[in-house]
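> Generate a structure from the sequence data that follows.
(chains A, B, C and D)
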There are 2 protein chains.
Amino acid sequence: MSYGYKIGSLPITTVQRLPNYLRLVRELQREGLEAVSSARLAETLRVEAIQIRKDFGYIGITGRPKTGYRVDELVDVIEQCLSWNRVQDAILVGAGNLGRALMGYRGFATHGLRIVAAFDVDPGITGESVNEISVHALSELAPIARRLKVRMAILTVSPEAAQAAADKLVDAGIEGIWNFTGKRLSVPDDVIIQDQDIATGLAVLSAKLTARAAPLR
Amino acid sequence: MSYGYKIGSLPITTVQRLPNYLRLVRELQREGLEAVSSARLAETLRVEAIQIRKDFGYIGITGRPKTGYRVDELVDVIEQCLSWNRVQDAILVGAGNLGRALMGYRGFATHGLRIVAAFDVDPGITGESVNEISVHALSELAPIARRLKVRMAILTVSPEAAQAAADKLVDAGIEGIWNFTGKRLSVPDDVIIQDQDIATGLAVLSAKLTARAAPLR
DNA sequence: GACTGTGAATCTATTCACAGCG
DNA sequence: CGCTGTGAATAGATTCACAGTC
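Purely as a prediction, here's the structure:
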């Protein structure tokens, strides 16, 4: 597990910055702006302009001196890069607090993500519909996922139930798991795990606050 | 905004890994294990053993040949490093789906985080209590935050309301904002912002899935 | 023999300097 | 000029090689 693993041919750090760029250039597009310079973007995004130019270079976007980059092109290419221009279907496992929050999150629409079904162990919940997404029993996971040809799953069960659920997802032929459980999952090598652990974010903030109170440098 | 900004004297990447280490060594501690080798930890965590040794070196933990690292010491030092051994009070702004999910999240207890009050614009919600945390009107934010001497805030309002809420937090003397809104906030330099943007996680997963379908290398 | 830990080497990402173009 | 874009320099993080210690 090396720290700078490239995806396709893009540095992972570049991929991580793409959503920020996209959000902003979409906004500029709505405002009717045709072209924008890296300096202008940098101002809003708190990223160095040179960094933006390098990133745009990586994804094959070329700008023009004096004018800058074409906004339409930026939107198209970045969306394509992230595959956010096509709808990606996903299932969600674990319809607790967090699961429901994600089912209700409207932002996914602009990220090409559609949650097509949810699953939960609790029989009190199954049968319900949350935000027009129906919640099924866990036993139905594999057949439904297979029938809908879903490749991606969002895992929001309790830490204790995480591994068992992951096993079910693997059996169902899921290729990528977005893991919100905070547990490290063991799965076959060809299944992609993306850990979304809020503890790491909190750790960085805690450490910065501490350093601020008693600056060590 | 350089990519490897150090916190205190620790590499930021090390800080990000600390929660993983802590989770595991706490578990081992509960199991009554006294010492553990970096190789053993590496096996479970899918991180290279040498990386773990380097990280432990950075935070000043020293192990012993043949035996490994003392589990108790690991727990103590890592907790101290993250300031998760003392309780840090925080307020939460935006008691919608996500806000409620976080208010109900039991894991914060083991991260030294306690949400002492919540705030929301919606008068239909204010006055309620979610998980024993009472929800107040936004106008009460500054006085309450000041009285309770809260340094940290969790921001879970809608993107549109994000900047206005951030301004209120700054006025209330908040020093660190954990930003779940996906909006880039502009605040004075001495206020620390930690962005917790799920879009970046999704971006990485999307890109990996795409690369997997048509491996570019 | 089984581990840690350090200094050097490597790899990755960021930033700089400046050439090139409209 | 004002901006992009490239190749070189720097900074940062990981990994290697191996010496040291229990």
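> right, and residue A:75 touches residue A:24 too?
No: with contacts defined as Cβ atoms under 8 Å, residue A:75 does not count as touching residue A:24, sitting 10.2 Å away. Placement of C-beta: from N, CA and C, glycine included.
> quick one: the helices in chain A?
In chain A, helices defined by DSSP state H lie at A:12-30, A:38-45, A:49-58, A:71-82, A:97-103, A:141-148, A:159-171, A:198-213, listed in chain order.
> What count of nearby residues applies to residue A:204?
The tally of other residues near residue A:204 (other Cβ atoms under 10 Å in any protein chain shown) stands at 22.
> And residue A:80, by the same measure?
With other Cβ under 10 Å as criterion, residue A:80 counts 14.
> The longest strand along chain A pairs with which strands, parallel or anti?
Once chain A is assigned using DSSP state E, the strand that runs over the most residues is strand A:113-120. In its sheet, strand A:113-120 lies beside strand A:88-93 (parallel), strand A:133-137 (parallel), with partners assigned from DSSP bridges.
> Excluding chain neighbours, what is closest to residue A:113?
Here the nearest residue to residue A:113 in space, its sequence neighbours aside, is residue A:88; by Cβ to Cβ, 6 or more residues apart in numbering or on different chains that works out to 5.5 Å.
> got the contact list for residue A:94?
With contacts taken as Cβ atoms under 8 Å, 6 or more residues apart in numbering or on different chains, residue A:94 has the following neighbours: A:119, A:120, A:155, A:156, A:157, A:158, A:161, A:165, A:181.
> Pull out the buried members of those residues.
Among the contacts of residue A:94, those scoring as buried are A:119, A:120, A:155, A:156, A:157, A:161, A:165, A:181 (criterion: 16 or more other Cβ atoms under 10 Å in any protein chain shown).
> quick check, nearest of these to residue B:34?
Proximity of these to residue B:34, judged by Cβ to Cβ, is greatest for residue A:181, which lies at 28.4 Å.
> Check what pLDDT the closest one gets.
According to the per-residue confidence, residue A:181 scores 95 in pLDDT.
> Which residue, other than its chain neighbours, is closest to it?
Taking Cβ to Cβ, 6+ apart as the measure, residue A:181 lies nearest to residue A:162, with 4.0 Å between them; neighbours along the chain are not counted.
> Could you check how far the one you found is from residue B:161?
For residue A:162, the distance to residue B:161 equals 33 Å [Cβ to Cβ, to the nearest Å].
> again with residue A:71
Residue A:71 is 26 Å from residue B:161, where distance means Cβ to Cβ.
> Neighbours of the nearest residue to residue A:211 once chain neighbours are set aside, how many?
Taking Cβ to Cβ, 6+ apart as the measure, residue A:211 lies nearest to residue B:8, with 4.4 Å between them; neighbours along the chain are not counted. In terms of burial, residue B:8 registers 16 neighbours under the definition other Cβ under 10 Å.
> Where does pLDDT dip in chain A?
Per-residue confidence of chain A (counting by pLDDT under 70) places the weak regions at A:1-5, A:214-217.
> Give me every residue in it lying close to DNA strand C.
On the criterion Cβ under 7 Å from any atom of the strand, DNA strand C has as its neighbours in chain A the residues A:2-4, A:6, A:11-14, A:48, A:50-51, A:54, A:64-66.
> Check those residues one by one and keep those near chain B.
When these are filtered against chain B using Cβ under 8 Å from any Cβ of the partner chain, the residues retained are A:3, A:6, A:12, A:13, A:48.
> domain ranges for chain A?
The record, using automatic domain parsing to delimit domains, assigns chain A the ranges A:6-82, A:88-200.
> The residue nearest to residue A:113 contacts residue A:150, doesn't it?
No: under the criterion of Cβ under 8 Å, residue A:88 makes no contact with residue A:150, lying 9.1 Å away.
> I figured the residue nearest to residue A:211 was touching residue A:210, is that so?
Yes: distance between residue B:8 and residue A:210: 7.4 Å, which falls inside the contact criterion (Cβ under 8 Å).
> Who are the contact partners of residue A:179?
A:155, A:162, A:166, A:185, A:193, A:194, A:195, A:196, A:197 are the contacts of residue A:179 under Cβ under 8 Å, 6+ apart.
> Same question for residue A:87.
Contact criterion Cβ under 8 Å, 6+ apart gives A:112, A:113, A:114 as the residues in contact with residue A:87.
> Quick check: phi and psi at the first one.
Residue A:112 has phi and psi values of phi 70, psi 20 when expressed as degrees, to the nearest 10.
> Next up, the contacts around it.
A:79, A:82, A:83, A:84, A:85, A:86, A:87, A:88, B:206.
> before we move on, what about the last one?
Neighbour list for residue A:114: A:87, A:88, A:89, A:90, A:108 [criterion: Cβ under 8 Å, 6+ apart].
> Pull out the buried members of these.
For the contacts of residue A:114, burial is judged from neighbour counts taken by 16+ other Cβ under 10 Å, and it is met by A:88, A:89, A:90, A:108.
> okay if I get the buried ones among the contacts of residue A:94 as CSV plus distance to residue A:146?
Shown next, in CSV, are the buried ones among the contacts of residue A:94 (distance: Cβ to Cβ, whole Å):
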residue, distance to residue A:146
A:119, 13
A:120, 19
A:155, 18
A:156, 21
A:157, 20
A:161, 21
A:165, 16
A:181, 23
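> Between those residues, which sits nearest chain B?
Looking at these and their distance to chain B, the nearest is residue A:156, at 9.3 Å (Cβ to the nearest Cβ).
> so who does the closest one touch?
With the criterion set at Cβ under 8 Å, 6+ apart, residue A:156 makes contact with A:92, A:93, A:94, A:95, A:96, A:98, A:99, A:102, A:180, A:181.
> let's see 6 Å
Neighbouring residues of residue A:156 by Cβ atoms under 6 Å, 6 or more residues apart in numbering or on different chains: A:94, A:98, A:99, A:180.
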